[in-house]
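Undergrad: turn this into a structure:
(chains A, B, C and D)
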2 protein chains.
Amino acid sequence: MAGREPRSDAVANRNRIVDAARVELSESNGAIADLKLHAIAKAAGVGQGTLYRHFPTREHLLAEVYRAELTQLVEAVAPLLAEHSPVEALIHWLARLVEYARVKRGVMTAIEASAWHDLYSGQHHRLDEALGTLLDEGKAAGEVREDVDATDMILLLGALSRIPEAEWDARAATVVAVIVDGLRPNRGARQPVG
Amino acid sequence: MAGREPRSDAVANRNRIVDAARVELSESNGAIADLKLHAIAKAAGVGQGTLYRHFPTREHLLAEVYRAELTQLVEAVAPLLAEHSPVEALIHWLARLVEYARVKRGVMTAIEASAWHDLYSGQHHRLDEALGTLLDEGKAAGEVREDVDATDMILLLGALSRIPEAEWDARAATVVAVIVDGLRPNRGARQPVG
DNA sequence: CACTGTACCGGACAGTTGTCCGCTTGCTGT
DNA sequence: ACAGCAAGCGGACAACTGTCCGGTACAGTG
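TA: Numbers count the residues shown, from 1 in each chain, chains lettered A, B, ... in the order given. Next up is the predicted model:
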């Protein structure tokens, strides 16, 4: 099941690619779309083939660059749940997500794409689990509607990744507020037409 | 303000481009990303330059292809508002949007991109107006929170465009339901952390 | 109808993404 | 040590997007 240890040069190359990406990203000031993969490969001293073998898509690379942030987000769930009610924990967690994304907009892209893509490769991304846990606790407490799952949340939160820099402060909070309010258990008031 | 009448050959070319795009789109069965602009230009018998002059981005072309559908959606607002309460009108309208998008997934892409892009060119897309009207009526009736505007809705509805074909039926309704419920006036229960 | 300017045409071209495949190199067993 | 081999490398290559500009032809004018 475990396959085999990766070769040492493969590991080294992988690290150099991520480092190069991080540098490019900080130099271009977080403009995700401006990442030139060819340039990254060159900066890392590897061929494009190597880059694409390690990171099939630009998003996989992004997710790796932001792994530290994503890990922090995942690990923040447990303490939040210990201290707050499920829904409050979710609200706090989303506030933290927004705060991260405000500074490093790339985080949102990484979350959206990586969690989504991993879903389709049949693996559970840790972020799915984080969101899933928050939602499940909320459902158990009767504070969250039953028909929403982590994937739905990722889809909805994807809206954040398309807020332009200049409007972030004005819109991010509103978008999150609408989503959170929409998670309330449906008391029959507003069923969509059948 | 009106500039000048477009030249006859320009009009003819524009039409042939849209027709060619429609054909390609129906042959590739609605796979938006598979549209090869080069191929469309060739099929229309024009150069790429001509294509790009008429439609600066792939989204502009898409919006034109789906203009009939978009117009129908816009024009459906008034009668819905005449017959239903604002929120019910909105719910019906969204149901209609989902129904369109179920068959022609490209509609969602067209809506998202064109409305969004037009917003930034300072023009009001008709779809913005449609959504804006629905929201404004809802606000006036006290049924919709004050802090949401049409742009927020477009951002949120963008979630629909990223639902994979296979999961459309399972997720579209849920996503819309969450958004609609989230539009309720906030009664102070779930303010995001300040 | 000839004339002129200008809106428009269309393909060449440059930049980027992503794939492919012959060559190289680290690992493993002897 | 050393040989064999699979994992891995890297650049050539193909595909697509979007730009640029010399040439074309439409539409007003005399």
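Undergrad: enumerate the residues of chain A near DNA strand D.
TA: A:4, A:6-7, A:9-10, A:13, A:45-50, A:53-54 (Cβ under 7 Å from any atom of the strand). (Glycine included, C-beta is placed from N, CA and C.)
Undergrad: got the buried residues for stretch A:13-23?
TA: A:Asn13, A:Arg14, A:Arg16, A:Ile17, A:Val18, A:Ala20, A:Ala21 (16 or more other Cβ atoms under 10 Å in any protein chain shown).
Undergrad: tell me which of those is nearest to DNA strand C?
TA: A:Asn13 (10.3 Å; Cβ to the nearest atom of the strand).
Undergrad: need the buried residues of stretch A:13-23 in a markdown table with pLDDT and secondary structure, can you?
TA: Formatted as a markdown table, the buried residues of stretch A:13-23 follow (pLDDT from 0 to 100; DSSP: H, G, I helix; E, B strand; the rest coil):
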| residue | pLDDT | secondary structure |
| --- | --- | --- |
| A:Asn13 | 97 | helix |
| A:Arg14 | 97 | helix |
| A:Arg16 | 97 | helix |
| A:Ile17 | 97 | helix |
| A:Val18 | 97 | helix |
| A:Ala20 | 96 | helix |
| A:Ala21 | 95 | helix |
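Undergrad: residues contacting A:Gly158?
TA: Residues counted as contacts of A:Gly158 (Cβ atoms under 8 Å, 6 or more residues apart in numbering or on different chains) are A:Met108, A:Glu112, B:Gly158, B:Ala159, B:Arg162.
Undergrad: and it, what pLDDT?
TA: Looking at A:Gly158, its pLDDT is 94.
Undergrad: tell me the buried residues in the helix or strand harbouring it?
TA: Taking DSSP states H and E as the criterion, A:Gly158 maps to helix A:150-161. For helix A:150-161, the neighbour count (16+ other Cβ under 10 Å) marks A:Ala150, A:Thr151, A:Asp152, A:Met153, A:Ile154, A:Leu155, A:Leu156, A:Leu157, A:Gly158, A:Ala159, A:Leu160, A:Ser161 as buried.
Undergrad: for DNA strand C, see how far away A:Leu183 is.
TA: Counting by Cβ to the nearest atom of the strand, to the nearest Å, the gap from A:Leu183 to DNA strand C is 34 Å.
Undergrad: could you look up the SS state of the residue nearest to that residue when sequence neighbours are not counted?
TA: Closest residue in space to A:Leu183, ignoring its immediate chain neighbours: A:Val144 at 5.1 Å, by Cβ to Cβ, 6 or more residues apart in numbering or on different chains. When classified by DSSP: H, G, I helix; E, B strand; the rest coil, A:Val144 comes out as coil.
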